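Participant: what follows is a predicted structure for the sequence shown.
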Amino acid sequence: MPKDILWVDHLIKYFFTKQGTVRAVDNVSFSIKEGETFGLVGESGSGKTTVAHTLVGIYRPTGGQAFFRGQSIGEDYSKRSKTLKKEIRIVFQDPGSSLNPRWSIKQILELPLKVHCLTDNKHRIGRIVELLRMVELPPNEYLYKYPSGIGGGEKQMVAIARALATDPTFIALDEPTSALDVSIQAKIINLLMRLQRKLNLTYLFITHDLSLMRNMASRVAIMYLGKICEVAPTKEFFQKPLHPYTRMLLSSIPVVSDEEEGLIPKRVISRGEIPSPVNIPPGCSFHLRCPEKMEICTRVDPVMVEAEENHLVRCQLFLATNRTK
Amino acid sequence: MPKIEILSTVLSAKRVKLSKGWYKFSRNTLSVLGLITLIIIVLAAILAPYITPYPEHAGPYTNFRESGQPPNLKHLFGTDTVGRDVFSRVIFGYRFSLLLAVVVISLSVPPGIVLGLVAGYTRRRWLEVGIMRVTDIFLAVPPLVLALAITAMLSPKLLNQMMAISLMWWPWYSRLVYSITSSLRHEYFVHDAELTGARKGFILIRSILPNCVGPVLTKITLDMGFVITLGASLSFIGLGVQPPKPGLGTMVADGAKRLPAEWWMTIFPALAIVFVILSFNLIGDGLRDMFAVEEI
Amino acid sequence: MPKDNPLLEIKNLHVRFRVFEGELRVLNGVDLIIYEGEKVGLVGETGCGKTTTIKSVLRVLPSPPAKITAGEIFYRGKDLLKMKRREIPALRRGEISAIFQDPLTSLNPVFTVGHQLQDIIKYSLKQQGYDHVSKKEIRLRAAVLLKETGMPDQERILKSYPVQLSGGMRQRVCISEALRVTVRLLLADEPTTNLDVTIQDQILRRLDELVEKRGTSILLITHSLGVVRNLTHRVYIMYAGNIVETAGTKDLFTDPLHPYTGGLLKTVPKLTGEGVSEGIRGRIPNYLNPPQGCRFHPRCDHAMPICEKEKPPWFSTGDNHRVACFLYRG
């Protein structure tokens, strides 16, 4: 029975700006089991990227806690141990800016090896070659290329190789294929899944593409304006979406077959704009766009409840006191 | 992978990088022209004693019988009021101008870069603000005024002129590097280096600095022109290269008294200044293109 | 839908780009037709040449590196490529307009949205012959345009600067600008690619309504097959500088003929949860030295000897469904 490797407890991350307080991550809790792929879905402003960045140490949480293998990871990178930096890695969203344009691929892959003294000088190049082979990039072609000379998909593969360089246990993948074409995406996703099986990796997989999530994750959580709205095992999440936002998101997917058409919720037309995270509406943050809005939604922010087994929802519709049956 | 294969891949990659850089630079015909002109000027300045017809005229030499001659076959640019060959003096004059430019840039760019990197990267607000406010103060004073004040305080020599100009040149670089650094600071590749555990110094020098090289180098070429002008201006008012040494600005000043009749004494040194500045500026354009990061 | 007068007809367009390493032979004979009132999709992955095609139609290809080496682009009978430079602005003002992928770079950051929209309305009215229209009238028209694209609170938006608006709103402003007058042809290059899915859904629906209402033809360029499925009458599939298949939208999805189309459909992750397919093997070709014959043959599981030698012509399989593949030769 795989145990929890990462758990997040009431995590809060606010950014204090001149325009106001940005509540990027507002009281988020979840746990990830070893070896699983935990999916985090949401649109812009949902806070999913901030969650990942806080977990890997770019930011220090404003409140709440997070634990990795029992060890607290509530600080940013400047205060984390080297071991932690080795075990938790991230693949960023934009391949263009995640690789230093002035470094060759060899230099990019060399850095983690040097910092953690994983190989001696003699064997370093061998390890870099091995990493490139792992992501299926021919070493003699790519070793001395520069990021500007390779395509987006290949850049992402280099970023994945870089993440793997320290033999990590946990990798946060922040929209790794969002900027890429479908055929390249397929390659990278397959690569990620193979690597996961081979190296027993745990993934936090973030994307806004629900169709992709359907095929990647074992459990999915959906976020809206800094809060988790719903968490469930993948199949259940898609077959029986409970939260109105989940249903709205699912119904907006441009599917490619009639079969899939049959699977998406009907009659949920998306409407309204996503409010800015500085101006979060009172009560339930989704009520301005919600087709099932009730009076109580404008006043009271709902709490997470277990509507069905293993299926958590944060919505007034599912609070026992509100059930109109 | 056998070592020899790696070596040849490295060399060929470097060769490709250089020739690609040259390709980008050479798209600008004017830049290439500027480069050629500059190379000629530099070579001429270095080899001045060997290539000028009258190298001894670049010093305490007088020959009043030959003075005041307009340009002729014996003296390409004519002679000045005390009979010295203007052409030879102009070539020697380039030595001072180029020396000034090189010294000022060498003295002012490194501290400017260091301060800019530190101010842009540090998370300590007081440090960032402190450095940039000092930079602002130096930038607020008009360069000529500051240089005048310093040179006048000390004795008017080339050496003092160089130090004075260096002292007020560094702020431009710290500001340039600061703006690049503070925008790059939040790029994903910098975050990645931090998360991996690289030390701050390493990140500054190896991750961020290489991305500043392009704009800094372009600015240096453009600045060379400004520095030479500034030096010539100071010499013009007597605070730089002292006679009988052939500073270009000094020569312009001396010859100015003889305008318009004996025009060659001023015009040729002035043109010489124009040419060297122009060639630096033209190179600057090409350099900017060369460092532009292109995507496929 | 009148099928006999093509609004836009691209014939055998060849475009090359000069770079350090040589010449990139990007477009290799593109054929495309759009009729009046039609909604057409152009689907292709990054680097296949879709944007180059659009830029050629709009005559905004940067001409030193790019070179149109062959082909014709007929707009209502006139060859755009042979038009003189000074005739082109008239075309852009009244006949063809475009929206692009990144609305932030399409809008001028230092002018308010209202200012930009009003400028455009003023010039297009001039184009139509209305020289003196009052400022009030123009402002009113701007507000109406914004309302049509579904933006609430038009007055506030008109006074805002582009950076103050969200991506979805900016794109809606761009759509208003593009549809300011009844243009005949709208070229939309990945208009919703950078936007959130729920916003994308809204914008595409709205675009669809507007286009239907005005009878404008639209060429919707995207790399997403799902987007064209709901919105277009006909689809073109593009690969490496060639159109490889075209059909009525429904036909294309139920009966994809070209191996590339089939591969694309298979690699799109499905909600049915059958896992992610392996993708199409190989990589997009290097335009410096593209494959001879059919440019897809190195990646094709059905490649035959002739595919390496000759570029496949169009083969028709009835009812507007055509494919450039030797598999359908017989």
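Facilitator: Done, it's in. Everything numeric here is computed off the predicted structure, so don't read it as measured data.
Participant: got a list of what residue A:221 touches?
Facilitator: Residue A:221 is in contact with A:30, A:38-41, A:228, A:230-231, counting by Cβ atoms under 8 Å, 6 or more residues apart in numbering or on different chains. To be clear about C-beta, it is placed using only N, CA and C from the backbone, and glycine gets the same treatment.
Participant: identify the farthest-apart pair in these.
Facilitator: Distances among those were taken as Cβ to Cβ; the most separated pair is A:38 and A:230, at 13.7 Å.
Participant: can you get me a residue count around residue A:57?
Facilitator: For residue A:57, the neighbour count with other Cβ atoms under 10 Å in any protein chain shown is 22.
Participant: is it true that it touches residue B:197?
Facilitator: No: between residue A:57 and residue B:197 there is no contact under Cβ atoms under 8 Å: 10.1 Å.
Participant: and for those two, which residues touch both?
Facilitator: Both residue A:57 and residue B:197 are contacted by A:77, A:85, under the criterion Cβ under 8 Å, 6+ apart.
Participant: distance check, residue C:179 against residue C:25.
Facilitator: From residue C:179 across to residue C:25, the span is 35 Å (Cβ to Cβ, to the nearest Å).
Participant: looking at this, residue C:48 is in a helix?
Facilitator: No: under DSSP: H, G, I helix; E, B strand; the rest coil, residue C:48 sits outside any helix and is assigned coil.
Participant: so what's it up against?
Facilitator: Listed by Cβ under 8 Å, 6+ apart, the contact set of residue C:48 reads C:238-241, C:284.
Participant: with adjacent residues omitted, what lies nearest to residue B:42?
Facilitator: residue B:98 (6.6 Å; Cβ to Cβ, 6 or more residues apart in numbering or on different chains).
Participant: got the residues of the stretch 1-150 of chain B near chain C?
Facilitator: For the stretch 1-150 of chain B, the residues in contact with chain C (Cβ under 8 Å from any Cβ of the partner chain) are B:20, B:23-24.
Participant: filter these down to the buried ones.
Facilitator: Among these, the ones that count as buried by 16 or more other Cβ atoms under 10 Å in any protein chain shown are B:20, B:24.
Participant: got the residues of the stretch 1-150 of chain B next to chain C as TSV, with distance to residue B:102, pLDDT and secondary structure columns?
Facilitator: Shown next, in TSV, are those (distance: Cβ to Cβ, whole Å; pLDDT from 0 to 100; DSSP: H, G, I helix; E, B strand; the rest coil):
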residue	distance to residue B:102	pLDDT	secondary structure
B:20	28	76	helix
B:23	28	79	helix
B:24	26	79	helix
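Participant: list just the nearest of the residues of the stretch 1-150 of chain B next to chain C to chain C.
Facilitator: residue B:23 (4.7 Å; Cβ to the nearest Cβ).
Participant: which among the contacts of residue A:221 gets closest to residue A:249?
Facilitator: Ranked by distance to residue A:249 (Cβ to Cβ), the contacts of residue A:221 are led by residue A:41 at 7.4 Å.
Participant: correct me, but the closest one touches residue A:213?
Facilitator: Yes: taking Cβ under 8 Å as the definition, residue A:41 is a contact partner of residue A:213 at 5.6 Å.
Participant: quick check, stretch A:111-127 touching chain B?
Facilitator: Yes: Stretch A:111-127 reaches chain B (Cβ under 8 Å from any Cβ) through A:111-112, A:115-116, A:125-126.
Participant: okay, which residue is most central for chain B?
Facilitator: residue B:224 (2.4 Å; Cα atoms, centre = their mean).
Participant: for that residue, what are its contacts?
Facilitator: Contacts here follow Cβ under 8 Å, 6+ apart; on that basis residue B:224 touches B:101, B:105, B:277, B:280.
Participant: what is the neighbour count of residue 185?
Facilitator: Going with chain A. Residue A:185: 23 surrounding residues under other Cβ under 10 Å.
Participant: I was thinking of chain C, sorry if that wasn't clear
Facilitator: With other Cβ under 10 Å as criterion, residue C:185 counts 21.
Participant: contacts only, for it.
Facilitator: Applying Cβ under 8 Å, 6+ apart to residue C:185 gives the contacts C:7-8, C:34, C:75, C:95-97, C:216-219.
Participant: what of residue B:13?
Facilitator: By Cβ under 8 Å, 6+ apart, the contact list for residue B:13 reads A:104, A:144-145.
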